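Colleague: Return atomic coordinates for the entry below.
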Amino acid sequence: MIKRFCAAMIAALALSGGTAMACPDWSAAPHFGDISLSAGFLPDPHVRNVTAGGTQLLTNCGFNLPGYVTSRPDFDLYWSGSSSMLTITVTSGADAVLLVNAPDQQFYYDDDTVGTNPSITFYNPQPGLYDIWIGSYDGSRRNPAQLIFTEMQ
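Modeller: Just a heads-up that it's a prediction; the model follows:
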């Protein structure tokens, strides 16, 4: 199930200090780089090799969600153009979780849409920056994974 959370709540936690300071920080440089994709991109799907996991427990960061992520995003997507949908999926042998801070400054989360692999579909995706965290349900780290972007159903 995809869940959405207010970025303002996360920002307030970060400003209050404590464990929230190590929480997901959209302004930090991503671990695995970034890409600019436009509607109609080819080849579709676009696949990047990444690592799933992290040490920051999401419940300690104001999210009522299971899973662990890194403080820095794992990947940044700069999206442009007009499309009916954009899907971000993770495949991994580990039980991965997916957290995305979209251009609307909302956080979107998924776990186990396809088996133990998360997937989030944005309908009529907004142009702009999508900060992406690829975590693990159980706190494991260094799990080989693939980050997949597609406009196909």
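
Colleague: Could you identify the helix or strand that succeeds the lowest-mean-pLDDT helix or strand in the chain?
Modeller: Here the helix or strand of the chain ranked lowest by mean pLDDT, DSSP states H and E is helix 7-16, holding a mean of 38. Sequence-wise, the next helix or strand downstream of helix 7-16 (DSSP states H and E) is strand 34-38.

Colleague: what about that following strand, distance to the chain center?
Modeller: Relative to the chain's own centre, strand 34-38 is displaced by 15 Å; criterion: C-alpha atoms, centre = their mean, to the nearest Å.

Colleague: Could you list every helix and strand in contact with whatever helix or strand comes next after it?
Modeller: Scanning forward in sequence from strand 34-38 by DSSP H and E, the next helix or strand is strand 46-52. Counting contacts by 3 or more C-beta pairs under 8 Å, 6 or more residues apart in numbering; DSSP states H and E, strand 46-52 is packed against strand 34-38, strand 85-92, strand 128-136, strand 143-150. Any C-beta I mention is one placed from the backbone N, CA and C, and that applies to glycine too.

Colleague: Strand partners (parallel or antiparallel) of whichever helix or strand comes after strand 46-52?
Modeller: As assigned by DSSP H and E, the chain's next helix or strand after strand 46-52 is strand 56-57. Strand pairing for strand 56-57, determined by DSSP bridges: strand 68-69 (antiparallel).

Colleague: Pull the residues that contact the partner strand.
Modeller: For strand 68-69, the surrounding residues in contact (C-beta atoms under 8 Å, 6 or more residues apart in numbering) are 24, 53-58, 97, 99, 133-139.

Colleague: hang on, the earlier thing: need the helices and strands packed on strand 46-52 in a markdown table with mean pLDDT and distance to residue 77, can you?
Modeller: Listed next are the helices and strands packed on strand 46-52 as a markdown table, based on pLDDT from 0 to 100; distance: least, C-beta to C-beta, whole Å:
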| stretch | mean pLDDT | distance to residue 77 |
| --- | --- | --- |
| strand 34-38 | 98 | 6 |
| strand 85-92 | 98 | 7 |
| strand 128-136 | 98 | 4 |
| strand 143-150 | 97 | 7 |
